[in-house]
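A.B. asks: Sharing a sequence plus its predicted fold:
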Amino acid sequence: MRRDLFDEEHEALRRSFRRWLDDAVVARNDEFERDGIVDRTVFAEAGKLGFLGLSVDPIYGGGGVRDFRFNVVISEEIQDAGVGGAGLGLTLHNDICLPYFERLTNDEQKARWLPNIVSGEAITAVAMTEPGMGSDLAAMSTSAVRDGDVYVLNGSRRHDRDLEGDHRPRVRAVVPAKTVSRSRAGAPGG
């Protein structure tokens, strides 16, 4: 059955992304699986070729395209190639983390972070690995208490492989937390 969801621009991206994916990820997938981590050059190459930050405003180096079908094309090709472990880091970067940086940052923060996220120099992650929580955000106990102009995080995290070694200085993590008022900070459930 022929789909009519995508137009020629999407199919052009599909062909381009798949050629790169086969060369940069599929060819090295056994290495990435063995090591348990994707070489950061994959993100830098993806950024250089325009596969990261498709929706980001061009003033920050992005594509400025607000058409999520391009992201779907990338996700489909990653799954079709059978490199979910290595490839899902790219979709986490583009589809899960990046929207937080686009929508919840001020202009100064956008200027500081988005160019490196789009280029792949900075890799994004979600730090939601509390002991015993798994991926159940409702079970989260980490809190954020406003202290003047900033929030102070209180909680614990399990080891996150994306935040170790050479990756650590260049990772930008989204940290989910329940916000509480200072008056409730010491109260049960607060």
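C.D. replies: Yep, it's here.
A.B. asks: all helices for the chain, in order.
C.D. replies: Read by DSSP state H, the chain holds these helices, from start to end of the chain: 8-24, 29-35, 41-48, 69-81, 84-91, 98-103, 107-119.
A.B. asks: The closest residue to residue 101 other than its chain neighbours: neighbouring residues, count only.
C.D. replies: In space, not counting the residues next to it along the chain, residue 101 is nearest to residue 113; the distance is 5.7 Å by CB to CB, 6 or more residues apart in numbering. Bear in mind the C-beta positions are built from the backbone N, C-alpha and C, glycine included. Residue 113 has 17 neighbouring residues, counting by other CB atoms under 10 Å.
A.B. asks: Look up the pLDDT of residue 113 for me, please.
C.D. replies: In this model, residue 113 is scored at 94, pLDDT.
A.B. asks: Contacts only, for the nearest residue to residue 110 once chain neighbours are set aside.
C.D. replies: Distances taken as CB to CB, 6+ apart place residue 60 nearest to residue 110, at 6.1 Å, with adjacent residues excluded. Residue 60 makes contact with 53, 110, 111, 114, 115, 118, according to CB atoms under 8 Å, 6 or more residues apart in numbering.
A.B. asks: Tell me the pLDDT of residue 60.
C.D. replies: pLDDT, the model's per-residue confidence, is 98 for residue 60.
A.B. asks: Residue 64 now?
C.D. replies: Reading off the confidence values, residue 64 has pLDDT 97.
A.B. asks: Do I have it right that it meets residue 50?
C.D. replies: No. Under the contact definition of CB atoms under 8 Å, residue 64 does not touch residue 50, with a separation of 11.0 Å.
A.B. asks: more crowded one of those two?
C.D. replies: Comparing residue 64 with residue 50 by other CB under 10 Å, the one with more neighbours is residue 50, at 16 against 13.
A.B. asks: Filter the contacts of residue 60 down to the buried ones.
C.D. replies: Among the contacts of residue 60, those that count as buried by neighbour count (16 or more other CB atoms under 10 Å) are 53, 110, 114, 115, 118.
A.B. asks: What residues does the third one make contact with?
C.D. replies: When contacts are counted by CB under 8 Å, 6+ apart, residue 114 touches 53, 56, 57, 60, 61, 62, 101, 102, 105.
A.B. asks: now those residues in CSV, with distance to residue 1?
C.D. replies: Written out in CSV, the entries for the contacts of residue 114 read as follows (distance: CB to CB, whole Å):
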residue, distance to residue 1
53, 32
56, 34
57, 37
60, 39
61, 38
62, 34
101, 37
102, 35
105, 42
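A.B. asks: Return the residues in contact with the spatially most central residue of the chain.
C.D. replies: Most central residue of the chain, judged by C-alpha distance to the mean C-alpha position with CA atoms, centre = their mean, is residue 93 at 2.0 Å. With CB under 8 Å, 6+ apart as the criterion, the residues that contact residue 93 are 43, 52, 117, 123, 124.
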